[in-house]
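S.K.: Any chance you can model this:
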Amino acid sequence: MISFLKFILGYLFSVWWLILPLLVWFIVKEKHLITVRYAYRGKLKWIFLEIKIPPYVKKSPKAMEEIFYALHGIFRRGDPWARFMMGFTPPFYVFEMIGHNGKLRFIVRCLEQYKDFVASRIYSQYPEALVEEVEDPLKDLPWKIPNPTFDVIGCEFVFTKLEDDKKTPKDYYPIKTYEVWEKLPEEQRIDPISILSEGATYLSNKEWLIIQIMAMPVPGNDKEFGREWATRGKKEVDKLMGRKGKKETSPFDYILEFIKNLFLAMTGQQIEWKVGKEEEKKEIEKDLMKLTPGEREIIEGIEKKISKPGYWCVVRFCYIASKDVFSQNRDKNVGLVMGVFKVFERQDMNGLIRDSKTIPSIDRPLTYFKSLYDEKIFYRKRLIWAYTKGRWNTDYDENRLILNTEELASLFHIPIEVVPQYGLEITPTRYIPPSAEVPEV
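M.R.: Numbers count the residues shown, from 1 in each chain. Prediction:
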């Protein structure tokens, strides 16, 4: 035994020149990824696109869902060399609704290379709209809030349903979407975004009400980007239906089984290879028709959610105002936003509630600061910082929500009917010039 250990140690010392670089790589890997991804993001240029709608446009949120379907196509994982050596990270969007000075603005923030792609997708569903590039709508705000002039309150939103670890959200459970209120009679429909646009009419030029959704397209079975949300949803359906799922095995399980059988063989005992074999025990699968209406609705809701493309999102809001009006209007405007998000909650499925750990304070100020590519995003925990680690910020990973296209369209869409007095900034109908092939008269 001692000679065997000497042989192993002697062999390791003889190939130290091969092992040492691997050890160094694992030690400096995290720092390397942060450095190269900062450098990669520093070369990208971001722009702001504003969606302006003419009066009396009546469109269902279904139109916005079709836009999100198309926008999902930008997802690119990148090859291993690009991700780990060049710093590539998948692209994403930022969708913002900003209330200020009596108006509600709809902003899409994207990479400059996707400007025409995003604009054309919007025009395909809203041909009367005007999509134009604008400056950062929050550029007039100071970089650090609260300060002697401005005060702030805000939060990030999390799902109400959590896994057994009490940290990972059950992304596959749906929230209430626009399809629910669209089925109601017209006089009973309440579009939550219309409520928000109505509330924006009471905002002065000293107040900003901001809802921000950072959304990265992700596949349903990707572990690094998306937490395998669709795959976990299928397992949840199997569990609710009483189906026996196949037990997952890892290479470590095979090694342990091999060592166990090796010792059994050395002692002359009978061995049996069990890893990888399906259990023969049968479980009674529940009949869908024998489930209660609520149980059937939950299963159908999960299956419907995982059938549509998903975005890995961070949903945030904040109310910023000058000191002289903040305390007077804070409760009213916070209540407005909380009431809007309450519309999307379902007690038997999922909902959005605020995470108290993300409420800004003197100790946790809402800070603006420039990164290597001169970017400003309005909240203290910035998505870009999480991307430098190759994925989302691990400290607040539970705040990353999977929203499919239907849910995202419910949270961010042009109100069902736009009328001038509802606080939405109005623009005349977009002028489309005649084709160049038409001869001049």
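S.K.: counting contacts, what elements does the lengthiest helix in the chain pack onto?
M.R.: When the chain is parsed with DSSP state H, its longest helix is helix 16-42. Contacts defined by 3 or more C-beta pairs under 8 Å, 6 or more residues apart in numbering; DSSP states H and E place helix 16-42 against helix 383-387. (Glycine included, C-beta is placed from N, CA and C.)
S.K.: Quick one: mean pLDDT over the helix it packs on.
M.R.: Regarding helix 383-387, the rounded mean pLDDT is 30.
S.K.: let's have the chain start at 816 instead
M.R.: Sure, I'll start counting at 816 from here, so that last one is helix 1198-1202.
S.K.: After it, which helix or strand is next?
M.R.: Using DSSP states H and E, the next helix or strand after helix 1198-1202 towards the C-terminus is strand 1216-1219.
S.K.: other SSEs contacting that next one?
M.R.: If contacts are counted by 3+ C-beta pairs under 8 Å, 6+ apart, strand 1216-1219 sits against strand 965-974, strand 1125-1137.
S.K.: re the thing from before, what comes up buried for the longest helix of the chain?
M.R.: Neighbour counts over helix 831-857 (16 or more other C-beta atoms under 10 Å) mark 848, 851-853, 855-856 as buried.
S.K.: which element follows that helix toward the C-terminus?
M.R.: Criterion used, DSSP H and E; the element after helix 831-857 is strand 861-867.
S.K.: From the chain's centroid, how far away is the helix or strand that comes right after that following strand?
M.R.: Proceeding N to C from strand 861-867, the next assigned helix or strand is helix 876-886, under DSSP H and E. Distance, stretch centre to chain centre, for helix 876-886: 16 Å (C-alpha atoms, centre = their mean, to the nearest Å).
S.K.: Next up, the contacts around the residue nearest the centre of the chain.
M.R.: Centroid-nearest residue in the chain: residue 1128, 1.0 Å away (criterion: C-alpha atoms, centre = their mean). Contact analysis of residue 1128 by C-beta atoms under 8 Å, 6 or more residues apart in numbering lists 1028-1031, 1215-1218, 1223.
S.K.: likewise residue 975?
M.R.: By C-beta under 8 Å, 6+ apart, residue 975 lies in contact with 1160, 1165-1168.
S.K.: As CSV, those with distance to residue 945 would be great.
M.R.: Below are those laid out as CSV (distance: C-beta to C-beta, whole Å):
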residue, distance to residue 945
1160, 34
1165, 35
1166, 35
1167, 31
1168, 36
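S.K.: Quickly check these for the two that are furthest apart.
M.R.: Using C-beta to C-beta, the contacts of residue 975 span at most 10.1 Å, a distance reached by 1165 and 1168.
S.K.: So which of the two has more stuff around it?
M.R.: Using other C-beta atoms under 10 Å, the more surrounded residue of residue 1165 and residue 1168 is residue 1165, with 24 against 14.
S.K.: quick check, that one in a helix?
M.R.: No: Residue 1165: not assigned to a helix; according to DSSP: H, G, I helix; E, B strand; the rest coil it is coil.
S.K.: That one and residue 989: what is the separation?
M.R.: For residue 1165, the distance to residue 989 (C-beta to C-beta, to the nearest Å) stands at 6 Å.
S.K.: can you give me the mean pLDDT across stretch 905-916?
M.R.: Averaged over stretch 905-916, pLDDT sits at 91.
S.K.: returning to what we had before: any chance of TSV for the buried residues of helix 831-857, columns pLDDT and distance to residue 1137?
M.R.: Output for these, formatted as TSV (pLDDT from 0 to 100; distance: C-beta to C-beta, whole Å):
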residue	pLDDT	distance to residue 1137
848	79	41
851	84	41
852	78	37
853	76	34
855	83	38
856	76	33
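S.K.: Between these, which sits nearest residue 903?
M.R.: residue 855 (6.1 Å).
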